[in-house]
Each structure stands twice: as C-alpha cells, then as structure tokens.
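Asks: the sequence and its predicted three-dimensional model are supplied below.
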Amino acid sequence: MSSVFKAKLIHLTPILASLLFGVVCTFLLLTSPIELYVITPFSEDISGSLGNASYFVILVGAGAFLLYLLLKRKSRRLITLITGFAITTVTFMLSLIYLLAAFSGFSSPYIEVFILTSSLLITILVDFTIFRVQSRIRNLIVLCLGGALGAFLGASIPTLSAILILCFLAVYDAFAVYHGPVGKIAFDGLEQLRGLSFSFKDIQMGLGDLTFYSMLSGHMLLNFGLISCAASIISMLFGCFLSFKMLERKSMFPGLPFPIILGLTASLLTSLQ
C-alpha cells in the first residue's frame, strides 16, 4: 500500500458494482421457481446456528492457512492448481444456477442443453481470463464472482446462521489480518492468488470480502425486502470507506468488521419497522 494513499469515494466503485451484481443475482433467485437447498450442516436453532458459524470460520481459516503454507513454500503450481479447481467449480455451479433461474420459464426441449453448454463456455472463458489474460477484465470477473457467490450463500443459509456466520467471520478477519494467515498472505502479495483478489487504485481486497458483503445484502433482499437490502448496502459502503480511511495510517486493515457490523445493524433495524 502506498504511503501517500488517500481514501476517496471512487474507491467504493468496485464494491458497489459487486453488490449491485449480487442484487441482480438475488432478484433472479427471488423471481424464479427453482428451489435452493440449505447448505448449512446443522439445524437452525441456537446451538445449531453456532455450529454453522463455527463450521464456516473453520473452513475459511483452514483455507487461508493452506494458502499461506503454499505461498511460504513457493509452491506456485500447486497454488494455481487449487485455486483453478476452486474457481472452475464455483463458476460452473453458479452459471448453472443463475441460468436455470433466468430461463426457468422457457419450455423449449433444448433449454437444458443450452444452459449446460452456456455454463461450460462461461467457465472456460472465466478460467482463461483469470489465468491467461493480463487485463482489467480479470478484476471485473472477481467482482462478479463475489456478487454471485454471495447472493447464493445469502439465499441458501437461514437467517440466524447467516447473522452468526457474518459476525464470527468479522471477528476472525480482525484477528487473521494482524495475527493469522490473512495478513501474512497480504504481505506476500495477494496478486499471486489469481482470481481470489482484485486491485483498484492502490486498493487490494480479497474475493471473500466481496462475497460476504453480497451475502448480507442478498439475504436481506430475499428475507426482509428492498429497504433492508438498501440499508445494508449503504451502511456497508460507509463501513468500507471507514476501513479505507484506516489504510491512510496502516498498511493493512481487515475488510469485514466495519462493513459487516454497520450493515447488519442498519438492515436489522430497518427490518423491525
């Protein structure tokens, strides 16, 4: 991070773009008859929701620790293999889901072939752009992946679990940036993890930040309506700007705590009205 970095409103542009793309994806799910299954492993009571939140934090922490070990050992090929497999799987899955949602009203006998073929082509194009093309299009793809994946998670996780997952991840992020693997990965260079981060005007953020921002706004749109969704987006953008202001004095700052705390507070308050 440059020592002369100054936070400006333009730094919020890619985050807003990712959030809006997530809203479009959520709207597709909201207006489609396709059924999404709950992906959390435990029941939606207090103890089960705590288990779901712990499960997600463990998954995120284990993934970050694995990437840190591979970066430390300079296992570039293995990193590319793992990230490539993850991005390929996620892209294909999301393409299938959202194309099914978009074309669910069509009764053509070839619609399933069209959706499957289109999903494969999108996946190939995304992989080629991320791993073979040096351009700003890669950043755009990361923004779209974050929005689409967040919308899917927001639609597939019950409310109490979603709230606890976001809270636990915000706490974990604050710890991991300064004392855990996330900060060490950022120090070594997020740009080495193609498809898992984006850069914009001296700002570097991870795909996970974008995903959990859109998870919150998408969940609010699906379960509490447009006003709560708008409140979460505005509050998260304000939280991101506060985080960027902290970067004027620090070389690194966690991307989840301020946006998630403010976004959750504002959206839950509006949902009670």
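Replies: Everything's here; your move.
Asks: from here on, contacts and neighbour counts on C-alpha atoms
Replies: Fine.
Asks: what about this structure, any weak spots by pLDDT?
Replies: By pLDDT under 70, the low-scoring segments of the chain are 1-3, 134-135, 184, 186-192.
Asks: the helices in it, which residues?
Replies: 13-31, 46-72, 76-102, 111-132, 137-156, 159-179, 181-188, 207-224, 226-246, 257-271 (DSSP state H).
Asks: output the ones you listed as TSV; include the columns mean neighbour count and distance to residue 196.
Replies: Listed next are those as TSV, based on neighbours: other CA atoms under 10 Å; distance: least, CA to CA, whole Å:
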stretch	mean neighbour count	distance to residue 196
helix 13-31	21	14
helix 46-72	17	11
helix 76-102	17	8
helix 111-132	16	10
helix 137-156	24	7
helix 159-179	19	16
helix 181-188	19	11
helix 207-224	26	5
helix 226-246	22	19
helix 257-271	20	19
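Asks: tell me which of those helices lies nearest to residue 6.
Replies: Evaluated over these, closeness to residue 6 peaks at helix 226-246, with 7.3 Å, by CA to CA.
Asks: and the angle from the closest one to helix 13-31?
Replies: With axes from the mean of the first three to the mean of the last three CA atoms, to 10 degrees applied, the angle from helix 226-246 to helix 13-31 works out at 160 degrees.
Asks: if we can go back for a sec, go through the helices of the chain and name the closest to residue 7.
Replies: helix 226-246 (5.4 Å).
Asks: other SSEs contacting the closest one?
Replies: When contacts are defined as 3 or more CA pairs under 8 Å, 6 or more residues apart in numbering; DSSP states H and E, helix 226-246 packs onto helix 13-31, helix 207-224, helix 257-271.
Asks: so which of the helices of the chain gets nearest residue 4?
Replies: Nearest to residue 4, of all the helices of the chain, is helix 226-246, at 12.0 Å by CA to CA.
Asks: who touches that closest one?
Replies: With CA atoms under 8 Å, 6 or more residues apart in numbering as the test, helix 226-246 has contacts from 6-9, 11-12, 15-16, 19, 213, 216-221, 253-255, 258-260, 262-264, 266-268, 270-271.
Asks: contacts only, for residue 96.
Replies: Residues in contact with residue 96 (CA under 8 Å, 6+ apart) are 115-116, 119.
Asks: ok so, going back, now render the helices and strands packed on helix 226-246 as TSV, adding distance to residue 245.
Replies: Putting the helices and strands packed on helix 226-246 into TSV (distance: least, CA to CA, whole Å) gives the following:
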stretch	distance to residue 245
helix 13-31	15
helix 207-224	17
helix 257-271	11
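Asks: separation between residue 197 and residue 91?
Replies: Distance, residue 197 to residue 91, by CA to CA, to the nearest Å: 15 Å.
Asks: repeat for residue 196
Replies: Using CA to CA, residue 196 is found at 13 Å from residue 91.
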